[in-house]
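> Sequence plus the predicted model coming up.
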Amino acid sequence: METKTTDQPETKVFNRSRQGILPFYHMVSDADAPHVKHLYSFRNVAAFEKDLDHFLANYRPIDLHAFRASVQDGQGIPEKSFFLSFDDGFRELFEIVRPILLRKGIPATFFLNKAFVDNKDLFYRNKVSLLIEQYLTQPASYNVREIDTFFNDHHIGGNSFKERIKSLEYRQKHLVDQVAELMHFDQQEWLNKVQPYLTSEQVREMISEGFTFGGHSIDHAKYCTVDLEEQLRQTRESMKWVTETFDLDYKVFAFPFHDQFVSQRFFETIKEENLCELTFGTAELQDDVISTNLQRMWFENTDAEPASVITTCFDAKEKRMAEGSDRIRRPFSELRTYTIAELDAEIASGAFWRQEEKNIPITRYRARAHVENPRAQRSDLALVTMHDNDRLIGYLGVMPDILNLPGKKKKIGWLTCWWTHPEYGGKGIGQSILDRIHNWYDGAIGCSEFTELGQKAAERSGKLWKKEISGTEFELGSDEEVSEWLTQRQSSLPPEQLEYLQEIDRETEHFIRLYRHEELTKRTTAELNWLLRYPWVISAPFNDRTKERLFFSSTAGRFMYQAFKVFSDDARLIGFVILSIRDDRMTTPYVYTTEIEREKKHVVQAMALHAAALNVKKIKTYHPVAKSELAATGLPIKAEKEVIKNAFFGHRFHPEAIRGLHIQDGDGDNAFT
């Protein structure tokens with residue numbers, strides 16, 4: 001397998017009148033096919049035959065052996081040819097597709113999943129479609145409240161059962177299994193009754209008729225969400241099974257779902273091990289730096305005529321070529337992903353923090369904070385790292401959270417701590433990592449505040465839109481002025497009007513619920529206690545070896561949270577505040593007050609007194625009440641200036657849905673840093 005470098009110019013000339021095509025399908029049927037119908041639309045028999053007739057009228061069919069020879073000889077896709085293939089191995093390919101192809105004299109290649117042939121197991125996406133069908137047609141077979149509670153407990157957002165269960169990814173297939181249990185769906189009974197997949201005997205019969213077969217992973221893993229070792233395991237086991245079981249003298253493989261973010265290291269490894277001669281993706285004729293990885297055209301999920309599908313694909317290719325973006329450029333390095341569960345395992349093993357590692361992507365205590373996140377699931381992505389021959393060259397953390405948007409809750413992955421090794425600047429390392437996270441969270445990502453370099457990279461990515469948040473930074477007067485003011489004003493906050501907290505009590509929880517109107521995240525006791533218990537920065541008088549190996553700060557001379565309640569003269573709770581003090585600076589992560597103006601002023605007065613007592617030099621706040629009232633407390637202020645914080649949101653979040661919501665200063669990862 002030839003491996004080309006990513007800096008080669010795109011010199012290939014595209015001639016649509018001579019271009020060969022690689023159409024592929026999954027299912028052809030006139031029947032309902034409930035295990036597929038809720039995933040994508042598929043061709044009925046008449047439409048499929050119409051597609052084939054168009055191919056035959058405009059292209060010449062080519063079998064795998066001739067196609068393979070052309071690619072391996074460096075000729076690429078033969079001119080005016082069509083190479084037909086099918087994925088997932090449904091039984092309709094034997095019962096319906098096979099007779100049509102034999103009648104028309106069209107060769108084809110079929111890509112199989114080891115786990116599904118002979119109906120041993122059920123593809124989790126097929127199970128999703130079946131559960132949607134059951135939900136819509138058999139309401140007496142399940143308890144709606146139980147299912148809604150399950151989704152809510154696992155922070156699975158969406159406006160309908162269909163939307164929620166379809167959002168579950170390969171890494172969350174165990175959750176699909178749990179929903180199936182709640183709905184009393186008997187997988188084995190359904191497999192035995194319907195027999196949805198090809199049997200080994202059917203495959204052998206098709207081989208005897210001239211059809212060819214290849215691997216499609218073990219159980220249809222989504223390669224962009226698993227690490228290199230799992231990608232290779234799925235490929236090795238799939239290819240070993242299909243070639244040995246069916247005595248094949250050729251080796252071809254089609255990536256399940258797609259081949260996005262599969263690295264050059266993967267392709268180099270399968271070449272070294274002689275696993276595959278050709279591989280196939282689904283990126284519609286894009287050129288690939290891996291010359292033996294070919295991109296196919298999907299002819300499903302559309303009612304368009306075959307000529308229209310081809311024209312649309314050709315138009316998109318010409319547009320990409322004009323923009324210089326038609327070639328798929330694969331990272332030389334290896335991307336590694338860590339879910340919450342995998343990060344927990346890293347804490348136990350200590351692998352990240354071995355002394356021989358020059359750089360580390362996260363501290364132990366920050367990793368522990370991610371693991372304890374009450375809004376995270378064990379399957380949520382928490383960290384992506386990039387390695388060059390095991391050397392850490394980039395990383396980006398993710399903090400799973402839930403946004404309270406109008407009428408629905410939506411999961412978000414807050415980006416945090418984005419770093420690329422200086423020696424690898426300009427090589428797209430950071431963008432590759434961002435792409436992986438963006439894909440994992442299906443665009444539902446955000447960042448409460450980037451560094452300057454991170455902001456520029458985010459803007460270049462085109463994956464996020466910016467929301468400006470205006471705040472104020474106050475620089476306090478001299479120590480003498482502040483001390484004198486504190487002496488004069490301290491009596492305005494007698495002990496009976498103040499109560500410090502280590503964790504949120506019931507009174508505070510009730511107060512927050514009353515006054516967290518129109519908030520983006522609507523923090524609860526669980527999240528606020530999590531913040532107080534698991535800081536990302538710790539107080540330390542000296543730098544330690546961890547700080548020297550981490551690009552982002554892990555210690556400070558002073559780092560603390562100050563959580564307190566404020567009461568009125570008549571002993572009513574009128575405010576709750578969490579302040580963050582880092583060295584000589586103070587921020588206001590979470591502030592809750594009543595709607596009464598004099599009570600708001602009293603809460604801000606308490607915040608000002610704490611700033612003075614804690615010898616703070618600067619206060620930065622974006623909270624509207626603190627911004628407007630802090631100067632009025634009389635606290636000596638040497639200077640104040642407007643500051644702008646740019647929060648970023650993925651395009652899964654419409655600006656109008658977020659525009660009217662209050663973003664607390666500590667939302668995202670700001671409270672931790």
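Cool, got the structure. The shown structure was predicted, so the numbers you read here are calculated from the model rather than taken from an experiment. Numbers count the residues shown, from 1 in each chain.
> How far does stretch 423-439 sit from its chain's centre?
On the basis of CA atoms, centre = their mean, to the nearest Å, stretch 423-439 sits 14 Å off its chain's mean C-alpha point.
> Quick check: phi and psi at Ser81.
The phi and psi values for Ser81, taken as degrees, to the nearest 10, are phi -110, psi 160.
> Give the burial count for Glu656, as a bare number.
8 (other CB atoms under 10 Å). Backbone N, C-alpha and C define where each C-beta goes, glycine included.
> Apologies, that question was intended for Val371.
Neighbour count for Val371, taken as other CB under 10 Å: 18.
> Same question for the one 4 residues further on.
Residue crowding around Arg375 was assessed by other CB under 10 Å; the count is 18.
> which residues touch it?
By CB atoms under 8 Å, 6 or more residues apart in numbering, Arg375 lies in contact with 155, 400-402, 526-527.
> Find the pair from those with maximum spatial separation.
Pro400 and Ala526 (13.5 Å; CB to CB).
> out of those two, which sits in the busier spot?
Neighbour totals were compared for Pro400 and Ala526, and Pro400 leads with 22 against 14 (other CB under 10 Å).
> and the more buried one, helix, strand or coil?
Secondary structure of Pro400, reduced to three states by DSSP: H, G, I helix; E, B strand; the rest coil: strand.
> what do you get for His517?
coil.
> What of the one 4 residues further on?
At Thr521, secondary structure determined by three-state DSSP is coil.
> got the contact list for it?
Applying CB under 8 Å, 6+ apart, we find Thr521 in contact with 401-404, 527, 663-664, 667.
> mind listing which of the residues you listed are in helices?
Glu527 (DSSP state H).
> now stretch 451-467: how far from the chain's centre is it?
On CA atoms, centre = their mean, the centre of stretch 451-467 falls 17 Å from the chain's centre.
> Start and end of that stretch, how far apart?
Its start and end residues considered, stretch 451-467 measures 15 Å (CA to CA, to the nearest Å).
> Next, the buried residues of that stretch.
Within stretch 451-467, the residues scored as buried using 16 or more other CB atoms under 10 Å are 454-455, 457-458, 463-465, 467.
> okay, among these, which ones form the most distant pair?
Taking CB to CB, no two of the buried residues of stretch 451-467 sit farther apart than Ala457 and Lys467, at 17.4 Å.
> ok, the contacts of Arg375 vs Gly446, which is closest?
Ranked by distance to Gly446 (CB to CB), these are led by Asp401 at 8.5 Å.
> does that closest one have beta-bridge partners, and which?
Taking DSSP bridges as the rule, Asp401 bridges to Ile412.
> quick one: it from Gly425, how far?
30 Å (CB to CB, to the nearest Å).
> the more surrounded of the two?
More crowded of Asp401 and Gly425, by other CB under 10 Å: Asp401, with 24 against 11.
> Looks like the more buried one contacts Lys409 (just checking).
No. Using CB atoms under 8 Å, Asp401 makes no contact with Lys409, being 10.4 Å away.
> Which strands and helices lie in contact with the helix or strand of the chain with the lowest mean pLDDT?
The helix or strand of the chain with the lowest confidence, counting by mean pLDDT, DSSP states H and E, is helix 545-549 at a mean of 78. If contacts are counted by 3 or more CB pairs under 8 Å, 6 or more residues apart in numbering; DSSP states H and E, helix 545-549 sits against no helix or strand.
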